[in-house]
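K.L.:
Build me a model:
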Amino acid sequence: MIVIKEINNKNEWENFLKSREEANFLQSWYWGEFHKNLGQEIIRSGFYRGSKLEGVMLSIIEEAKRGKHLIVPGGPIIDWKNEEIVSSFVKEIKKIAYLNDCAFIRVRPQLLSDDFSKKLFKDLGFSEAPMHLHAQLTSQIDITKSEEELIANMRKNTRHEIRKAEKEKINVTTSADPKDMRKFYNLQVETSLRQKFVPFSYEYLHEQFKIFAENNLAFLYSAYFEKKLLAQAFIILYGNEAVYHYGASTDEGRNHPGAYLIQWEAVKEAKKRGLRKYNFWGVANDPKHRFYGLSIFKRGFGGEDIEYLPAQDLVINYPKYLINLAIEKLRKLRRRV
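P.N.:
Purely as a prediction, here's the structure:
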């Protein structure tokens, strides 16, 4: 029999995640702390069989203008082939949603997008969400290979740009100081105006970086040419992988390949830590997508496309959900995603 209890012990939570290959930063203790620091309510559920912890789920209550809802990013971390645990997961999220007057539940599980996962969620009563929750189609590199193999697997242009950056003596620095997120935020705003996307707030970036950096799980990489800033990248190193979470660049960065060298330095750091994957995060296939050009850059490093099951919605209140549906479809058109 599965019993669900709230977990308040960081070590218990993190030790369980260390035992799971699919564990990711979106279900980490730290992602929960980040959302708490933003003033959001979070619930950490543990799925127990007797005294043994067999699954965890971080869920977050979103107080959005388009409708209050519950999200489960990158999780839950459970055995999806165990019907008893899967049934307990659905009952638990419904209970949390009802108790908090949520219009719907949105889950983006750490499951590959295949016949098994699609059928599973359809049978559970979910439907594909109109908007993504977190990256679904990603580009990932197996970094257990040698540096020579990794370089050889890159596109010719990517190898050339890395070598050019090294010849130009572009300097790449790392920082774990949350104060440096002010510069990154400003650069992100500058980049957003150029590439026409909605930037994250300073508080969102600062609080996120702070909680991971103070636990030695995140760095801000910066590339300079003759003391001129070219590009920056916010990298999270958690579980088995490093993730290129956010990036930004200057106009000067178009003239020098600092962004390429940042990624290569981050890959080498992940290898030093014994991580197995480098995740470039979201990529797009549609040439009309606003991040298609960035996707070409990411794929140049020789990764494999890994597609997770798209975000899935479970409706609790249909009238309120229909309002959200209309708003999100409009946003999707405007943002070209």
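
K.L.:
what stretches of the stretch 101-250 of the chain score poorly on pLDDT?
P.N.:
Residues of the stretch 101-250 of the chain meeting the criterion pLDDT under 70: none.

K.L.:
which residues in it form helices?
P.N.:
All helices of the stretch 101-250 of the chain, identified by DSSP state H, counting those that start in this stretch, fall at 115-123, 147-153, 156-167, 181-195, 202-213.

K.L.:
so which of those helices is the most packed in?
P.N.:
helix 202-213 (a mean of 20; mean count of other CB atoms under 10 Å). Using the backbone N, CA and C atoms, a C-beta is placed for each residue, glycine as well.

K.L.:
Name the nearest residue to Ala165, ignoring sequence neighbours.
P.N.:
Leu261 (3.9 Å; CB to CB, 6 or more residues apart in numbering).

K.L.:
Show the model's pLDDT score for the one you found.
P.N.:
For Leu261, the pLDDT comes out at 98.

K.L.:
What distance do you get for it to Glu166?
P.N.:
Going from Leu261 to Glu166 by CB to CB, to the nearest Å gives 7 Å.

K.L.:
just the strands in the protein please.
P.N.:
2-6, 41-49, 52-64, 67-73, 104-108, 127-128, 137-142, 171-175, 218-225, 228-238, 241-249, 277-282, 304-307, 312-315 (DSSP state E).

K.L.:
just checking, what packs against the longest one?
P.N.:
Which is strand 52-64. With contacts defined as 3 or more CB pairs under 8 Å, 6 or more residues apart in numbering; DSSP states H and E, strand 52-64 has these neighbours: helix 10-18, helix 29-37, strand 41-49, strand 67-73, helix 83-99.

K.L.:
what about Lys298, how many neighbours?
P.N.:
23 (other CB atoms under 10 Å).

K.L.:
Provide a list of residues in contact with the closest residue to it other than its chain neighbours.
P.N.:
Residue nearest to Lys298 in three dimensions, not counting chain neighbours: Phe280, with 4.0 Å by CB to CB, 6+ apart. Shown in contact with Phe280 (CB atoms under 8 Å, 6 or more residues apart in numbering): 138-141, 244, 263, 298-299, 301, 303.

K.L.:
Farthest-apart pair in those, please.
P.N.:
Thr138 and Gln263 (14.4 Å; CB to CB).

K.L.:
okay, the two: which has more neighbours?
P.N.:
Remark: of Thr138 and Gln263, Gln263 carries more neighbours, 27 against 21, as counted by other CB under 10 Å.

K.L.:
Can you tell me how far the more buried one is from Lys183?
P.N.:
19 Å.

K.L.:
Can you get me the start-to-end distance on stretch 187-202?
P.N.:
11 Å (CA to CA, to the nearest Å).

K.L.:
For the nearest residue to Lys210 once chain neighbours are set aside, grab the count of nearby residues.
P.N.:
Distance criterion CB to CB, 6+ apart; nearest residue to Lys210, sequence neighbours excluded, is Pro178 at 4.1 Å. The number of residues packed near Pro178 is 19, by other CB under 10 Å.

K.L.:
Please tell me how far Pro178 sits from Phe34.
P.N.:
12 Å.

K.L.:
returning to that earlier point: go ahead and confirm the residue nearest to Ala165 touches Lys169.
P.N.:
No: judged on CB atoms under 8 Å, Leu261 makes no contact with Lys169 at a distance of 10.3 Å.

K.L.:
Which of the two has more residues huddled nearby?
P.N.:
A count of neighbours by other CB under 10 Å puts Leu261 above the other of Leu261 and Lys169, at 24 against 9.
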